[in-house]
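Visitor: coords please:
(one chain, ligands or ions: 1)
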Amino acid sequence: MRHFVIVGILVIILASLTYIGLDGIGLMPVAASAQAIPIDWLWNWQVVAMSFLFSLIVVPMGYSLIVFRRKKGDTTDAEHVEGNTNLEIAWTVLPLFLVMIFAYMGAFSLGEVLRVDPNAMIVKVKARQFAWTFEYPETGIVSTELHLPYNRQVVLKMESEDVIHSFWVPEFRVKQDVVPGRVTEYRITPSLVGSYKVRCAELCGTSHSYMEASVIVDEVADYDAWIAEQTALTAAAQTPEGQGQLLAVANGCVGCHSVTSTNLPTAPTWFGIYGSQVDLADGTTVLVDDAFIAESILDPKAKEVAGYSPTIMPPYTLTDEQIANIIAYIKTLK
Ligand SMILES: [Cu+2]
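Guide: The predicted structure follows:
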């Protein structure tokens, strides 16, 4: 009986230390979704059970090795044990109970995770080797970053264009495969403002490990501001002038050419230039029209504007359409 008491106390001590140790090393990243709460709750009780079962095996084994080892000079046989019905019933019924309790806890946790909010916001997710794209159907925004408002359930409708991928944000805890030929759903309610990363959790090809995208949980006001900004960009980008402005930014044109009435020392301002006459370095003048702008983009040294030579601008290889869009943008600057 004394041995049982000692072993019992040691099991409790080791189980507590194992639990405190496992809990202390932070096995999980920060929890950033409402769904993380039932998952972490279940996980925590599993760690408790693991710590206890680990101790229940290791302590009696270690205790027996030390306390019941053969004494010096003792050559007698050990006691023969022919089985113990009570013990067998105990180690069948107790684990059965434990498994049933965890089955119930698991079902409860799953129910919480899958709980549907009818007001959930929809975002479409496209996965392809090796990138994620996010579409906001309400506004038509397409983004390579997933912005989500704080504390509102979102349902991701996910499709793959090629192979099986898997959407996984460890801070949200939930993970869902993205399978070609069908739409899979992923529900989450972000509960912590911050910047996270979605990574593909299904080996999908050579650059699988680079298949990441930013997931940003915004305060509601910041989210609204992002939506407004993206909507403006999307709307602007659909007109030739908008495309032209994006091109002018992307190609660095506006680094040297001002777009206001203030001239930069590097190059003539674009403001009011279309349709005007400019003096060239060779003493002649030229009308700024489509032909002159196109020539100046493709071959900047062909006609050098007075006051800026020698021309430092490199030739740009743009398509006719891109040039037309830039011209459309320049025309708006007046
Ligand atoms: Cu992938």
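
Visitor: Next, the residue lying closest to residue 124 once chain neighbours are set aside: secondary structure please.
Guide: Among residues not flanking residue 124 along the chain, residue 135 sits closest, at 4.1 Å (Cβ to Cβ, 6 or more residues apart in numbering). Where C-beta positions appear, they are placed from N, C-alpha and C, glycine not excepted. When classified by DSSP: H, G, I helix; E, B strand; the rest coil, residue 135 comes out as strand.

Visitor: for the stretch 201-334 of the chain, which spans come out with low pLDDT?
Guide: Within the stretch 201-334 of the chain, the stretches with pLDDT under 70 are 250, 309-310.

Visitor: which residue ranges form the strands in it?
Guide: For the stretch 201-334 of the chain, the strands defined by DSSP state E, counting those that start in this stretch cover 212-218, 277-279, 285-287.

Visitor: Please report the distance of the residue located most distally from the centre of the chain from the ion.
Guide: Relative to the centre of the chain, the most outlying C-alpha is that of residue 73, 67.4 Å out, by Cα atoms, centre = their mean. Separation of residue 73 from the ion (Cβ to the ion, to the nearest Å) stands at 68 Å.

Visitor: My understanding was that residue 121 contacts residue 151; is that so?
Guide: No: the criterion here is Cβ atoms under 8 Å, and residue 121 misses it with residue 151 at 11.5 Å.

Visitor: Touching, residue 211 and residue 133? I think so.
Guide: No: look at residue 211 against residue 133 with Cβ under 8 Å: they stay out of range, at 11.7 Å.

Visitor: Settle it for me: which of those two has more neighbours?
Guide: residue 211 (21 against 15; other Cβ atoms under 10 Å).

Visitor: Show me the beta-bridge partners of the nearest residue to that one once chain neighbours are set aside.
Guide: Closest residue to residue 211 apart from its sequence neighbours, by Cβ to Cβ, 6+ apart: residue 200 at 3.7 Å. In this entry, residue 200 is beta-bridged to residue 167, by DSSP bridges.

Visitor: Make 49 the first number, not 1, from now on.
Guide: Sure, I'll start counting at 49 from here, so that last one is residue 248.

Visitor: How about the contacts made by residue 248?
Guide: Counting by Cβ atoms under 8 Å, 6 or more residues apart in numbering, residue 248 makes contact with 175, 178, 180, 213-216, 256, 259-260.

Visitor: next one: residue 172
Guide: Residue 172 touches 182-185, 204-207, counting by Cβ under 8 Å, 6+ apart.

Visitor: What of residue 190?
Guide: Taking Cβ under 8 Å, 6+ apart, one finds 181-184, 282 in contact with residue 190.

Visitor: which of the residues you listed are buried?
Guide: Buried residues within the contacts of residue 190, counting neighbours by 16 or more other Cβ atoms under 10 Å: 182, 184, 282.

Visitor: Make JSON lines out of these and add distance to residue 127.
Guide: Output for the buried ones among the contacts of residue 190, formatted as JSON lines (distance: Cβ to Cβ, whole Å):
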{"residue": "182", "distance to residue 127": "69"}
{"residue": "184", "distance to residue 127": "74"}
{"residue": "282", "distance to residue 127": "82"}
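
Visitor: Which one of those is nearest to the ion?
Guide: If you rank the buried ones among the contacts of residue 190 by distance to the ion using Cβ to the ion, residue 182 comes first, at 15.0 Å.
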